[in-house]
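Peer 1: Mind folding the following:
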Amino acid sequence: MTETPNPLLDDKPLCVVNIGIELFADTLRQQSVDVVQVQWTPPASQDEDLMSLLDSLI
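Peer 2: As a prediction, the model looks like this:
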């Protein structure tokens, strides 16, 4: 398989910011791609009863 150069990269090294699943970052690193991993999870839903309970613990 022949790799076609990407004109958007203009022969510059690739650096990726990965948000979330670290497996994606690991796979890129195995291919010698620079990766910055950001630990992120979706915000919790705003359940008012749960928020009140959590507030009472603080």
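
Peer 1: Now the host helix or strand of residue 29: buried residues?
Peer 2: Secondary structure assigned from DSSP states H and E places residue 29 in helix 22-30. Buried residues in helix 22-30, counting neighbours by 16 or more other Cβ atoms under 10 Å, are found at 25, 28. In this view, the C-beta of every residue, glycine as well, is placed from N, C-alpha and C.

Peer 1: Flag the shaky bits of the protein, pLDDT-wise.
Peer 2: By pLDDT under 70, the weakly predicted segments of the chain are 1-2, 42, 44.

Peer 1: So in terms of bridging, what pairs with the spatially most central residue of it?
Peer 2: Nearest to the mean C-alpha position of the chain, counting by Cα atoms, centre = their mean, stands residue 19 at 1.2 Å. In this structure, residue 19 bridges to residue 38 when assessed by DSSP bridges.

Peer 1: before we move on, the earlier item: what is the helix holding residue 29 packed up against?
Peer 2: If you count contacts as 3 or more Cβ pairs under 8 Å, 6 or more residues apart in numbering; DSSP states H and E, helix 22-30 packs onto strand 15-19, strand 34-38.

Peer 1: Need the ones you listed in JSON lines (columns: distance to residue 56).
Peer 2: Conversion of those to JSON lines gives the following (distance: least, Cβ to Cβ, whole Å):
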{"stretch": "strand 15-19", "distance to residue 56": "33"}
{"stretch": "strand 34-38", "distance to residue 56": "32"}
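
Peer 1: for these, which one sits closest to residue 57?
Peer 2: strand 34-38 (28.4 Å; Cβ to Cβ).
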